[in-house]
Each structure stands twice: as C-alpha cells, then as structure tokens.
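Enquirer: Fold the following.
(chains A and B, ligands or ions: 2)
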Amino acid sequence: MKTFALLIAQLGASTKTNEKLDALAEYFATAADPDKVWVIALFSGRRPKRVISSAFLQLWCMEAANLPAWLFEECYHTVGDLGETIALLLPPANRERSDTSLSSVISRLMTVEKEEERVKKAFVMDTWMQLDKDERFVFNKLLTGNFRIGVSQKTIVNALAKTIQLEPSVIAHRISGNWDPATTSFETLLSEKSSAADHSKPYPFYLAYAIDGEVSAIGNEEEWQAEWKWDGIRGQLIKRNHEIFVWSRGEELMTEKFPEYHALKNMLPEGLVLDGEIIPSIENKPLPFALLQTRIGRKNVTGKNLREAPIAFFAYDVLEYNGNDFRGQPLSARRVLLEEIVSAVNHPVLIISPVIEFTSWDQLENIRSGSRDMGAEGIMLKRKSSAYQVGRRVGDWWKWKVDPLVIDAVMVYAQKGHGRRSNLYTDYTFAVKDGDRLVSFTKAYSGLTDKEFAQVDAFVKKNSLEKFGPVRTVKPELVFEIAFEGIAASNRHKSGVALRFPRINRWRRDKKPDEINTLEDLKKLLQAYGK
Amino acid sequence: MQLIEFTDKGLYCSAGDFYIDPWAPVDKAVITHAHSDHARPGNAFYLCHTQTAPVLKLRLGDISVQTLEWNEPVYINNVKVSLYPAGHIIGSSQVKVEHNGEIWVVSGDYKIENDGLSGTFEPVRCHTFISESTFGLPVYHWKSQQEIFADIRQWVTGNQRAGKTSVMIAYSLGKAQRVLKCIAEITDRIFVHGAVWNVHQALLAAGRALPAVQRITPETNKSAFKNAVIIAPPSADGTPWMKKFNPYSVGVCSGWMQIRGNMRRRNADAGFALSDHADWEGLLTAVKETGAEKVFVTHGFQSAFSRYLNENGIRSEEVKTAYGGEEEEQEKPSTSKEQEEEIAGGDI
Ligand SMILES: [Zn+2]
Ligand SMILES: [Zn+2]
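Expert: Residues are numbered from 1 along each chain as shown, chains lettered A, B, ... in the order given. Ligands and ions are numbered 1, 2, ... in the order given. Coordinates of the predicted model:
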C-alpha cells in the first residue's frame, strides 16, 4: 500500500500532465505485476465491488476515534471527502505494522464480501490500524469506490507505453476491453508478443476555431456548408475487423459506456470511420448535455439510463470508407458518401447531422438565433472544398456559437464547496430585484478564478448576516453576471423560472446592487425563450 | 459585570480600563502578539512582551509602547496584568488578568509544541479562559516539528537533485523563521522575499540569533537561485515575481495543508502542515490545563469547539471577534491590507 499511496499522493499533488505521467511511469516500472494490474483497473473504472457501506465506515470511525456524529459531520463538511475525513480522524496506527500489497488488500476485501458485518468490521478496523494516514486514505477510497484523481486514460496509456513496447493505441484498446483484474495477469493483459494489427485506432480530430467578428469575413456563402453545433461529446465511430469502437475527442475509448452503439455492429460496412457527436437523443431530437453527464463516469449502465438518456451518434463526416482514408477528399464529396452510408444503415442510433440550407449570411444569422430551440449551441461552418485536417486549424472550419443569455444579479446566499474548495464559500445563490425586495432565482457555480473565489470567500466571511446549517445569508452587495443556456417556467422556484446551465460569467465590480436586473426582466426572457 | 467584556472595539477590562488586542483604536491596548489582526494601529498606548516590541514598531511605526518580560506583573488601575508564553510566534503571550481574586486568561494565538523560537506555551490556571480555535476540529492533528522538518529537508534535497529551486511559502512573521531554522541545517544558500527580510532585520536588531539569508532584489543574478531555497510570503505565490526562480517547485507551509483539497487549490507542488496554532488535541490540552470553569472561544471553528467543550463538561460560549486576518487563520492566501503591502514592495 505504501507505494500505491505515494502514487496517489503524487497524482493528487500534481497539476501538470507530465508530472502525473512520470509518477505513473515510475510506478509501472517498479511495482509488482498484480499491483500494476489493479492500478490500471482502478484508473479505467474497474473498481472492486463495493462490499461495505459508507455509513458503516463512518460509524466505525466514530467509534475508533470516540467522536459524536455531529462532529464527524462537521469534519466531513470541512474536508469534503469521506475517505479523507476518516483517514484524518482515526487514532494513530499500531507501531508494529507491516506493508501489505495493494493486490492482497483488495483480495482480502473481496473475500469478506459475503461475510457478516462483524467480520467486515474486524477486517476494516484491523486494516486501518496497520496503515498510516495516506495509506488509510487510499484504502478508504478502495472501500468507497472512487478515485477522483485527474488522470485520463490517455495518461495511463502513455505511462504504460514508457515501460512496455507497445503502441499507445494498442495499449488503450487492450485496457479498455472486457477484462477482470482479479483474474487477469499483467502478462496476458499487455503481452508485448501479440502483434495483431490495431483495428481500433482513430484519426486525429479536426477542430474549429470560433468566429471572431463578422461572419461575412470568411467569404462567400456558397463556399460554405452550415450545420448545427451539437452539445455532446465529439467522437469517432469505427468499424473494423467486425468490431466496433467509439473514441471520444479526448482519445478515450468509450465503446463500453454506450451499449446503444453495439446495435450498429452488424449494420455498418467494414472498414469505416465516422466523425460525429455522441449525444443523448430521442426521435432525432438532441437532449441536454446534462443528461449525457448522467451516463459518463458510470461503469454499469442501467435500464433507466438507457430509457432516459438514450445515446445516438450524430454523424458529421466520413474519414475512412472500405478501409481507405478519405480525409483528403473535399467535404462536398465526403458529405455525399456520408449521406449514402447513413441512409443505408437506416438505424435510429445513427443520425445524420443535417445541413442547414441558407443563401445569405443574414439569413443564417437569423437561423442561428434559433439554435437553442434546436438544442444546439450554434452553427458550424465548414468550407465545402476542405479536407479533413489534423488538430485545430484556422481557415476551413469555424464554430459560430450563440451568445449565452445573461442577467445581472446580486449574491444573497453562500455555501462552502466540496472537495478541492471545501474550505471556501464557492456555491452561491443569486437574486434579482422585485420592487424593493430581492427574489432569489438561481444557484450558479463555476466561472470565477481561484483568486476571485478567495476574495468572494473573504467577503462572505466578513458579511454574513445569518447562518442556516452550512448556508450563510450574505449582505446583498456583490453583483455578478449570470449566463445561462435556457429558461423555463417553474413553480418549484420562488421566482417562477428555472435556468439551464446557469454559471457565473463575470464579477460586475462596476455595478451596485441597485443596478441589477429585475424579476420583470427575467419574465421577459422567459416569454422570449422559455418553452 | 464580567472582568473582561466583549465589546465592538475588542476585549475590554472595565475595572482596569484597558483593552486586549482591540480592533478599533483605544487608549490602552495590551497586545498578545505582532500579527496584524491582533496588533492594530491607532492605539494611544501599547503594552506587550519585550520580544514583540521590535516587530510591533516595524509594523506600526512610532508608537508609545511599554514592554514586559513573562511573569512580570504590572498594575493597570489596580488590575494585575501579566504575560505568559503562548508559543505562537516570537514574543507571543497569553494575558493573565487578575482582579478581586478572579483570574481571566486571554490566549491570543497559541501552540503547544515548543518550536525552539517562540518560547514554550505555559498553561496558566484561571477561572475563565478565552481561547482561539483556528484549527478546532479533530481532523487537525499535527505531526511533530521534527518529522515535518525531516519531510521539508527531504523535499528540498529532492529538488536539488532534480536541479530545481525550492520555493517555500511561509508567513513572514513566525513561519518564515521556523522554516529558515529547518533548512539552514542543509544549505546556506537561502534567499528571502523583501517582507521576510524586513522581519528578519527587525529580529536581528533586537538581538535574536538567526541563520544568514540573502535578500532578493531585482539585481540578484538569476543564476544564484539554482538549487537554492527561497522563502516567500503567501502573497508572492503565483505572481510573476516567482518566474525568476525557474525551474522551481513550490512548497506551502501551513496547517491548512493537512487537507488535500487545500493543497490542490493552492497549486502547491508540496504541502507541509506546519502550523503556528494548536491542533485539536493541543486546544483541548490547553483548555484542560487552565482548569477554567468557563471557556470563551474566539476565531476559528468556534461553534464546533465550543459545543464539544459543553458536551464534555466544560462550560463554553462562542465569541465573535475581528481576529483571523493572518494567513493561517484565513484558510487561504489573503488579500488583507498587510499582504497587499507585501505585494507592493515588501515595506511593512
Ligand atoms: Zn497570530
Ligand atoms: Zn489569531
């Protein structure tokens, strides 16, 4: 556990991808094979089954540390992480303790699964007393399930590629398949001998820049193809060697996360790569990104997920056909081919991203203003003669997003954040004016820099009027511009409106609280954009 | 009437007509220590420990100040006032106030562990104890100074091996001197920020022995920093001023580094939970050793600490004060006046 705890500490402390990569590479170069297998498993979402509930862990910790429940809660609220809270509260470890390996701790954990509570408790308490603070933290993480350490699959893959002689894409493919860390050896998982061609390999994505200024500056209308800019995850759908692979733009293999795509396996032609958007959709209509988020980060997809957030693939482009690289062909030719492929497949999971017909920029600008109604973020413009290039390039592809809706509001409540921001007041509630009273209408999170958070936090601490549990009522003084993507009527909210993706756009230090928007202004937005 | 009352100007002893660590200007102020939230400008008269005075003058300019040694009583309008070591920073003192057989002690800020610089915290028997609670939750449990020093030295050595400069972020008064003592044992190439330099000079002038340091100025040759150790206040962290140390690694020294989230938020490469305040156990020990019947809890986790005391048979109440401006009490690099001045050019 020592080296594993050290690895987690290094990954947690570092903000630079290179340092994380080095820490992982160092671990893979030195750790025992069974431990390596578990590290790969843990970071690719294969956690050991959860056999002990958090409530018990909390209870046993309170018992070991002799603390009342309210004080434990208070600590948890400050630390923001249950595993860490427990690690910090437990009494010091036994003096005589031995280092047990990660894989042996996990296999012991799996053996107590079917045992009664007494046995589980003895195992957990005994293990706690063998471990120091950092080791307890990782042990608790194993028990509770989630290592929220910012390491992408790509980083793991590149770290492994430093110690074994395999192409990164081959490694990514191997570790993202269907395997059980309890029964798979490092050797079989990543054998260097296997030389099967890598069928999963995606192409680098071609990315667009945002239009800055007048759209007409990019040229004549007839040279351009317009499409909706969908708000999902950009991805590539690959069918090669009778297998199907789905890659995200972050080069993560996500095939297993979206079982919907498996239906396409026998319908797509061999040797095909499509570029498109991974997006939840019902009857060709995209659903909000928030629903997609309920699907990501989940290993086991439930029937409920599949019903409520069914995933489709909105196809933009064809990059490979019949095993041939088509990226050098002009977009206009690729588009014709794409339409043929999609209509031949004829399956609700594969949808063509429609081309928007327009004759003038003014007309398109008008259409763009209806993006929200389409569930889109704006419009994509692609030069009809363009090849599919590599990376972000200026010139042939542009994104033309709609401006978010904004409203100026004053902060009225603040609450401490969790995790990284557990000691700061970072969650705020905002109000608009209604005559001379204030009506709260939304919470909004992100959007400020760390420095701004620190300043707002200091303000909250000096200007709180009342305290309700973790929430503080704050003197209404700080004005923020709140941006959001949509607005709907709601009788669950005092203000009568609910916002979609509200976020802090900027801090309006130039505005006084009596210069904020009114409830009337919100209602006007609701009339204009609400549905 | 209470011997010490909680007024909007600060802790007030009406029998003696003086304040302790007032936050608004008053005639007579007894000062526990020189941190800016406890020692504010504008008072007509200051009383503090001999070793507090030099830094107090550095920070507040030309003030009228009387000094005392520890356990050297004075009478203010027939109220007996004496100072006892608080172990927080150099000169930091608890204030014992006695009148008509009743004894109150104001802790100021304190820590139990002897850091070798600040004097050893001395428990003082009293009827009523007014305690800080900066780290008043049981998740705050410090390693010994010796262990943390070993961690710091190991980190510095590791940086040297990797060809990196070690930038230690430490509050200029208190923490910086502790860190200096720690690293002086492994290197003599120690450079300091202007704010740390000023405190250093004031302490040297007052006769304290401290390891030698070099001040960083715009003229200092960049090559001098290679593999060296830099001591800088929190306000310098993340500013362009740090660029000249490239390649470097940043280590933050603060009790808040006990929690991972704080370390990540500070963007630190390393965090050392080295604090000038008592941890949870330290606070409990201190409270018990005073034998106090009543404990007032000031700045920090006062509601939790005070509730815990009540549930464990010690009568306690929270008190709202204006303390909590120093780096360790703020949970983050602050934007207090004092630190803005540090940013401005190190003249405090
Ligand atoms: Zn202090
Ligand atoms: Zn203080």
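Enquirer: residues in contact with the closest residue to chain B within chain A?
Expert: With Cβ to the nearest Cβ, the shortest gap between chain A and chain B falls at A:Leu88, namely 4.0 Å. (C-beta placed from N, C-alpha, C; glycine too.) When the contact criterion is Cβ atoms under 8 Å, 6 or more residues apart in numbering or on different chains, the partners of A:Leu88 are A:75, A:79, A:133, B:138-139, B:141, B:258-259.
Enquirer: for chain B, which spans come out with low pLDDT?
Expert: B:327, B:329-348 (pLDDT under 70).
Enquirer: how many other residues sit next to the one residue in it that gets nearest to chain A?
Expert: The nearest approach of chain B to chain A comes at B:Val139, 4.0 Å away (Cβ to the nearest Cβ). Residues within reach of B:Val139, counting by other Cβ atoms under 10 Å in any protein chain shown, total 23.
Enquirer: Next: A:Lys120.
Expert: For A:Lys120, the count of nearby residues is 21 (other Cβ under 10 Å).
Enquirer: Now the residue of chain A closest to chain B: which helix or strand?
Expert: Using DSSP states H and E, A:Leu88 falls within helix A:82-89.
Enquirer: after that helix, next one along is what?
Expert: Criterion used, DSSP H and E; the element after helix A:82-89 is helix A:102-111.
Enquirer: Now the element after that following helix, going C-ward?
Expert: As assigned by DSSP H and E, the chain's next helix or strand after helix A:102-111 is helix A:117-130.
Enquirer: Check which residues of that following helix are buried.
Expert: A:120-121, A:123-124, A:127-128, A:130 (16 or more other Cβ atoms under 10 Å in any protein chain shown).
Enquirer: Report the contact partners of residue 174.
Expert: Here I'm looking at chain A. Neighbours of A:Arg174 in contact, by Cβ under 8 Å, 6+ apart: A:166, A:189-190.
Enquirer: The intended chain is chain B.
Expert: B:35, B:88-90, B:118, B:276.
Enquirer: Not counting sequence-adjacent ones, nearest residue to A:Pro288?
Expert: In space, and not counting its chain neighbours, A:Pro288 is closest to A:Arg500: 6.7 Å by Cβ to Cβ, 6 or more residues apart in numbering or on different chains.
Enquirer: Find the helix or strand that the residue of chain B closest to chain A is a member of.
Expert: Counting by DSSP H and E, no helix or strand carries B:Val139.
Enquirer: Just to check, it is in contact with A:Gly80?
Expert: No - counting by Cβ atoms under 8 Å, B:Val139 does not reach A:Gly80; the two are 10.9 Å apart.
Enquirer: which residues do those two both contact?
Expert: With Cβ under 8 Å, 6+ apart, B:Val139 and A:Gly80 have common neighbours B:Ile259.
Enquirer: Please compute how far the biggest helix by length in chain B lies from its chain's middle.
Expert: Longest helix of chain B, by residue count under DSSP state H: helix B:145-161. Offset of helix B:145-161 from its chain centre (Cα atoms, centre = their mean, to the nearest Å): 22 Å.
Enquirer: List the strands paired with the next helix-or-strand element following that helix, with their directions.
Expert: Moving toward the C-terminus from helix B:145-161, the next helix or strand (DSSP H and E) is strand B:165-169. Strand B:165-169 has its sheet partners listed here by DSSP bridges as strand B:229-232 (parallel), strand B:248-253 (parallel).
Enquirer: So what angle separates the directions of the longest one and helix B:145-161?
Expert: Interaxial angle of strand B:248-253 relative to helix B:145-161 (axes from the mean of the first three to the mean of the last three Cα atoms, to 10 degrees): 170 degrees.
Enquirer: CA atoms only: put the helix or strand following strand B:248-253 into PDB for me.
Expert: As assigned by DSSP H and E, the chain's next helix or strand after strand B:248-253 is helix B:260-265. Output of helix B:260-265 as PDB, limited to C-alpha atoms (Å, rounded to 0.1, in the frame of the first residue of the first chain):
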ATOM      1  CA  ARG B 260      -5.600  17.600   0.300                       C
ATOM      2  CA  GLY B 261      -8.200  19.900  -1.300                       C
ATOM      3  CA  ASN B 262      -6.400  23.000   0.100                       C
ATOM      4  CA  MET B 263      -3.100  21.900  -1.300                       C
ATOM      5  CA  ARG B 264      -4.500  21.400  -4.700                       C
ATOM      6  CA  ARG B 265      -6.300  24.700  -4.600                       C
END
